[in-house]
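Asks: model this:
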Amino acid sequence: MPPFFPPTNARKTVTHGKLSFELPILYFRDDAFGLFFTADPNKVTSVMPSHRLHPVRLSAKKAIVGVVAFNYMDTTLGPYGELAVVLPAVYGASPPPVLIPALLESLYPDFGHLVMHLPVTTAVARDVGRQEWGYTKFVTDMQFSIAPEFMECRLSEKDQHILTLRVARRGIAKRDKKPLVTFSVKEGNLLKTTIPQRCTTRWGIRPKDSFLELGDHPVCESIQALGLSKRPFMSRYFLERSAVLPAGRVIERGVRSMEGYTNKKRKGKHTVVYTTEEV
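Replies: Residues are numbered from 1 along each chain as shown. Model prediction:
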């Protein structure tokens with residue numbers, strides 16, 4: 001069986017102006033957790049940069065929005081925090097409503113996640129993400145709290161609360177080797193990036209003690225504009241996870257721009273607190 005992580009001689013140096021880094025980027029260990037909500041399918045469709053990208057729906061009136069946090073402890077870019085606001089979508093033909101979102105990767109080979117917002121805690125992670133993939137990254141402060149009962153991430157910018165995400169550690173465990181697929185826009189081109197991952201995950205349906213608290217930041221206004229449900233219908237967190245982030249490939253040219261929120265902050269705070277006793 002070939003190794004999961006590619007050897008050093010299989011990686012290459014990529015340069016964007018004064019920025020140089022190696023691809024693929026390797027993620028050896030992280031804490032990852034998220035919640036999934038329903039939203040207005042027409043409003044979600046209006047965000048899509050291409051008419052060939054179609055939101056995944058639970059029903060005719062319910063599209064899906066995901067909010068997922070990553071505490072990257074060991075990567076080839078160094079440790080940093082990240083939070084993704086994603087819109088699950090299928091490229092090509094519009095899919096019928098699905099009852100079990102966890103099976104989407106198996107049902108639709110062109111399934112992926114359109115990245116709407118992707119705040120991070122370092123300028124390097126922001127610049128690499130924007131210049132190589134066109135990811136909608138900006139720098140924030142993130143405080144992670146990892147406890148036996150829950151995993152939590154709090155985002156802020158200059159002491160302004162952006163959002164707080166908390167996921168209760170409950171659900172059905174499943175070993176997962178399917179890659180994570182993202183859609184993003186770079187210089188008018190739609191990119192599809194297939195990210196191999198090795199993980200064990202827990203899925204929860206109608207999770208209790210899990211929530212997303214939004215502040216009055218511009219990012220929150222754009223999330224609320226999707227018609228987001230008050231409560232999540234599904235949760236997911238990882239017992240262990242590793243990933244390999246390669247270059248993306250262009251699947252369509254001449255799509256609408258997706259710049260996302262930007263700021264001039266050069267350095268973010270990445271704080272992690274682990275609690276070993278029940279609270």
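Asks: Please identify the buried residues of the helix or strand where residue 36 lies?
Replies: Taking DSSP states H and E as the definition, residue 36 sits inside strand 25-39. Of all the residues in strand 25-39, those buried under the rule 16 or more other CB atoms under 10 Å are 25-27, 30-39. All C-beta spots, glycine's among them, are computed from the backbone N, C-alpha and C.
Asks: Give me the distance from it to the chain's centre.
Replies: Put simply, strand 25-39 sits 6 Å off its chain's centre (CA atoms, centre = their mean, to the nearest Å).
Asks: how close does the most centrally placed residue in the chain get to residue 48?
Replies: Closest to where the C-alpha atoms of the chain average out (CA atoms, centre = their mean) is residue 84, at 3.2 Å. Residue 84 is 17 Å from residue 48, where distance means CB to CB, to the nearest Å.
Asks: ok, now residue 17?
Replies: For residue 17, the distance to residue 48 - CB to CB - is 30 Å.
Asks: ok, those two, which is more surrounded?
Replies: residue 48 (20 against 7; other CB atoms under 10 Å).
Asks: which ones are touching the more buried one?
Replies: 54-55, 87, 89, 114 (CB atoms under 8 Å, 6 or more residues apart in numbering).
Asks: Backbone torsions only: list them for it.
Replies: Backbone torsions of residue 48, given as degrees, to the nearest 10, read phi -60, psi 130.
Asks: wait, what's in contact with residue 143?
Replies: Neighbours of residue 143 in contact, by CB under 8 Å, 6+ apart: 153-154, 156, 269, 271-273.
Asks: Which of the helices or strands spans it?
Replies: Per DSSP H and E: strand 141-146 holds residue 143.
Asks: Just checking: what are the partner strands of that strand?
Replies: Using DSSP bridges, the strands paired with strand 141-146 are strand 150-157 (antiparallel), strand 270-274 (parallel).
Asks: I'd like these as a markdown table, with distance to residue 43 appended.
Replies: Formatted as a markdown table, the strands paired with strand 141-146 follow (distance: least, CB to CB, whole Å):
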| stretch | distance to residue 43 |
| --- | --- |
| strand 150-157 | 22 |
| strand 270-274 | 32 |
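Asks: Identify, out of those strands, the most deeply packed stretch.
Replies: Comparing the strands paired with strand 141-146 by mean neighbour count (mean count of other CB atoms under 10 Å), strand 150-157 comes out on top with a mean of 21.
Asks: can you list the residues that contact that strand?
Replies: Counting by CB under 8 Å, 6+ apart, residues outside strand 150-157 touching it are 31, 33, 69, 71, 81, 83, 119, 140-146, 161-169, 209-210, 217, 237, 263, 265.
Asks: Give the buried subset of those as a PyMOL selection command.
Replies: For the buried members of the contacts of strand 150-157, the matching PyMOL selection, counting by 16+ other CB under 10 Å, is:
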select buried, resi 31+33+69+71+81+83+119+140+141+142+143+144+145+146+162+163+164+165+166+167+168+169+210+217+237
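Asks: Neighbours of residue 240, how many?
Replies: 12.
Asks: for residue 130, helix, strand, or coil?
Replies: helix (DSSP: H, G, I helix; E, B strand; the rest coil).
Asks: Quick one: residues contacting the closest residue in space to it that isn't next to it in sequence.
Replies: Of all residues not flanking residue 130 in the chain, residue 137 sits nearest, at 5.4 Å (CB to CB, 6 or more residues apart in numbering). By CB under 8 Å, 6+ apart, the contact set of residue 137 is 118-120, 125-126, 129-130, 260.
Asks: Tell me which entries of those lie within helices.
Replies: 125-126, 129-130 (DSSP state H).
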